[in-house]
Each structure stands twice: as structure tokens, then as C-alpha cells.
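Asks: sequence? don't have it. structure:
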């Protein structure tokens with residue numbers, strides 16, 4: 001299976017359980033691998049046969065910045081659902097991280113995989 005990779009997209013949104021995390025937007029790092037059969041798109045050079053990564057990225061960014069989720073798990077589920085709404089997407093791997101969330105760690109996050 002082929003895949004489209006969206007790497008290190010940075011959103012600024014409200015995420016977290018603590019009161020101080022809900023006061024102002026913080027950095028959220030998003031990575032996605034969207035699996036699809038890209039053979040037809042490669043042969044015919046037509047975006048309709050692929051997954052429009054620009055559209056997906058815009059939708060994911062807008063959602064991450066406005067959702068106000070408590071957990072990275074919930075945000076990852078939201079992102080997976082958005083990606084799988086693309087007609088040619090069959091599976092997605094999503095990683096959502098909060099940089100600096102835990103002392104002595106660069107980031108903390110989750111990675112999930114979902115399919116249609």
C-alpha cells in the first residue's frame with residue numbers, strides 16, 4: 001500500500017486536563033501517514049485519484065486549533081476520522097505530541113492507526 005506523509009505539522013490549540021493548560025493555546029505536533037492506492041494518480045497525474053494532502057492538512061490544522069480537547073488520544077481520533085473522510089484513503093497512522101509536556105522529555109504523545 002502506498003502512503004502520503006504529512007510530517008511535523010504544528011498547531012496551536014487548547015489541549016490538556018490542567019487548568020493552566022486550558023488558559024492559552026500550546027504547541028501540538030501532528031504527524032500523519034495516509035495509506036491509499038496511488039498507482040492511478042502516478043500514471044495519470046490526476047489529484048482526483050490521490051489524497052489531497054493540502055485539503056487534509058488544512059482541515060486537521062483548523063480542527064486541532066479549535067477543538068479544545070482534554071487528551072491527545074481524543075485529538076488523534078478526530079484527526080484519523082478527518083483523514084479517512086478522503087475518498088481514496090483506506091488507512092491512517094496519526095501521531096499527536098505535546099512538546100515539553102513532561103519534564104526531561106522532548107514531547108509526550110500517542111500514535112494510533114485506523115482504517116475504513
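Replies: Sure, I can see it. Just so it is clear, the model here is predicted, and its values are computed rather than measured.
Asks: Buried ones in stretch 13-32, by neighbour count?
Replies: Buried residues in stretch 13-32, counted by 16 or more other Cβ atoms under 10 Å: 13-16, 26, 28-32. All C-beta spots, glycine's among them, are computed from the backbone N, C-alpha and C.
Asks: what's the answer for stretch 54-70, then?
Replies: 56-57, 60-61, 63-64, 67, 69.
Asks: Show me how far that stretch is from its chain's centre.
Replies: The chain centroid and the centroid of stretch 54-70 are separated by 8 Å under Cα atoms, centre = their mean, to the nearest Å.
Asks: thinking again about what came up before, with secondary structure added, can I get the buried residues of stretch 54-70 in CSV?
Replies: CSV is the format used below for the buried residues of stretch 54-70 (DSSP: H, G, I helix; E, B strand; the rest coil):
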residue, secondary structure
56, helix
57, helix
60, helix
61, helix
63, helix
64, helix
67, coil
69, coil
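Asks: Kindly indicate which of those lies nearest residue 39.
Replies: Here the nearest of the buried residues of stretch 54-70 to residue 39, counting by Cβ to Cβ, is residue 56; it sits at 19.5 Å.
Asks: which secondary structure elements does whatever helix or strand residue 8 lives in contact?
Replies: Assignment of secondary structure by DSSP states H and E places residue 8 within strand 2-13. Applying 3 or more Cβ pairs under 8 Å, 6 or more residues apart in numbering; DSSP states H and E, we find strand 2-13 packed against strand 26-36, helix 53-66.
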